[in-house]
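Peer 1: Okay, predicted coordinates and the sequence, questions at the end:
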Amino acid sequence: MKAMRVHQYGGPEVLSFDDIPIPEPKAGEARVKIEAIGLNFVDIYQRTGLYPLPAPFILGMEGAGVVDAVGDEVTEAQKGDHVAYSMVLGSYAEYAIVPAWKLVPLPAGVDARSAAALMLQGMTAHYLTHSTYALQSGQTALIHAAAGGVGLLLVQIAKNLGATAIGTVSTKAKAALAKQAGADHVILYNRTDFAEEVKTITRGGGVHVVYDSVGRSTFAKSLDCLRPRGYLALFGQSSGPVPPFDAGILATKGSLYLTRPSLNHYVLDRAELLQRAADLFAWTASGKLKLRIEKTFPLSEAAEAQRQMEARKTTGKALLLP
């Protein structure tokens, strides 16, 4: 089979489109013939070594397709099932081995491309708004990268919950997308001080929660946007990791809460996984949640896809297709 592997850390040019044997599932595992692959920033973190892995390894944490073989003791899936999954390394390939308990069956009306666009980023938006900080009607959230894959979903979910959504973006085109998704206010962060704008919008009160996937360049001012006892959910670091800081700052700025969540810890068992996925599929089917699949690339062009993501030239979701 064809697989996009990393043999050494570096830029997009280190991606190697290799021919390797088709893997066989072991007990508790299933093999999925991949039809669509979700592109995520975590792929870039792994390629560069920010999240180190033993090389060589196949990139990709999210995929959808058809089960074509199962190992012993598998009860969660059978050959021919249409499924999706996330948080399992190795989806940049024609086939992937996945723990069977992590496979989510696709309901009628949800195709592989939609599922691959929804699993990792959709469940991230779900746990952030329902578990990390359970956003309530009448509250206000600041959402960084509001035109990105997670950002557009966060804006829509926030509005469906009855909250006020403030988004930050880098361009007018991205501002239009965030507005289209339902954002009440959109701030062009490279033209104005987003913390000052938030203070103006909230009349000095601050927001209840900041959902921050950017990291280094937004962290300090994100804290300044919070009301007393507000939450900063730092779930990514597209601008780089946040440097060490004195935790006493949280007290001086209003007894703030800071958390660095990860999806793995919000889908700890199959019941939780299926519940989050069921919500997302239902919202999508009803039109409450609209996916934006902006670009698709052949798997062989994964390097170019990652270049565009790193340069912030993508909005919504980008997919790789074997």
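Peer 2: Sure, I can see it. Numbers count the residues shown, from 1 in each chain.
Peer 1: going forward, measure contacts between C-alpha atoms and count neighbours the same way
Peer 2: Fine.
Peer 1: neighbours of the nearest residue to residue 160 once chain neighbours are set aside, just the number please.
Peer 2: Excluding the flanking residues, the one nearest residue 160 by C-alpha to C-alpha, 6 or more residues apart in numbering is residue 288, at 7.4 Å. Residues lying near residue 288 (other C-alpha atoms under 10 Å) number 13.
Peer 1: Same check on residue 172?
Peer 2: 12.
Peer 1: for the protein, what spans make up the helices?
Peer 2: Secondary structure of the chain (DSSP state H): helices at 41-48, 112-127, 149-160, 172-181, 194-201, 219-224, 248-252, 270-286, 302-310.
Peer 1: Switch those over to TSV; also include distance to residue 263 and mean pLDDT.
Peer 2: Converted to TSV, the helices of the chain look like this (distance: least, C-alpha to C-alpha, whole Å; pLDDT from 0 to 100):
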stretch	distance to residue 263	mean pLDDT
helix 41-48	12	95
helix 112-127	6	96
helix 149-160	12	97
helix 172-181	23	96
helix 194-201	27	98
helix 219-224	20	97
helix 248-252	24	97
helix 270-286	10	96
helix 302-310	21	95
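Peer 1: Make sure residue 237 is actually in contact with residue 213.
Peer 2: Yes. Taking C-alpha atoms under 8 Å as the definition, residue 237 is a contact partner of residue 213 at 5.5 Å.
Peer 1: So which of those two has more stuff around it?
Peer 2: Using other C-alpha under 10 Å, the more surrounded residue of residue 237 and residue 213 is residue 213, with 23 against 19.
Peer 1: Show me what stretch 244-262 is in contact with.
Peer 2: 132, 223-224, 226-235 (C-alpha atoms under 8 Å, 6 or more residues apart in numbering).
Peer 1: which residues touch residue 273?
Peer 2: Residue 273 touches 102, 104, 266, 267, counting by C-alpha under 8 Å, 6+ apart.
Peer 1: which among those residues gets closest to residue 172?
Peer 2: Distances from residue 172 to the contacts of residue 273, taken as C-alpha to C-alpha, are shortest for residue 266 (33.9 Å).
Peer 1: need the contact list for that closest one.
Peer 2: Applying C-alpha under 8 Å, 6+ apart, the residues contacting residue 266 are 127, 272, 273.
Peer 1: What about residue 320, how many residues nearby?
Peer 2: So residue 320, with other C-alpha under 10 Å, has 25 neighbours.
Peer 1: Can you give me the separation between it and residue 82?
Peer 2: 18 Å (C-alpha to C-alpha, to the nearest Å).
Peer 1: In the stretch 1-150 of the chain, mark out all the strands, start to finish.
Peer 2: Assigned by DSSP state E, counting those that start in this stretch, the stretch 1-150 of the chain shows strands spanning 2-6, 15-19, 29-38, 57-58, 62-70, 82-86, 95-99, 104-105, 140-143.
Peer 1: Out of the ones you listed, flag the one nearest residue 178.
Peer 2: Comparing these by C-alpha to C-alpha, strand 140-143 comes nearest, at 10.0 Å.
Peer 1: And the contacts of the closest one?
Peer 2: Residues contacting strand 140-143 (C-alpha under 8 Å, 6+ apart): 151, 154-155, 158, 163-168, 207-212.
Peer 1: Of these, just say which sits nearest to residue 19.
Peer 2: Among the contacts of strand 140-143, and counting by C-alpha to C-alpha, the member closest to residue 19 is residue 151, at 35.5 Å.
Peer 1: Next up, the contacts around that closest one.
Peer 2: 125, 143, 144, 145, 316.
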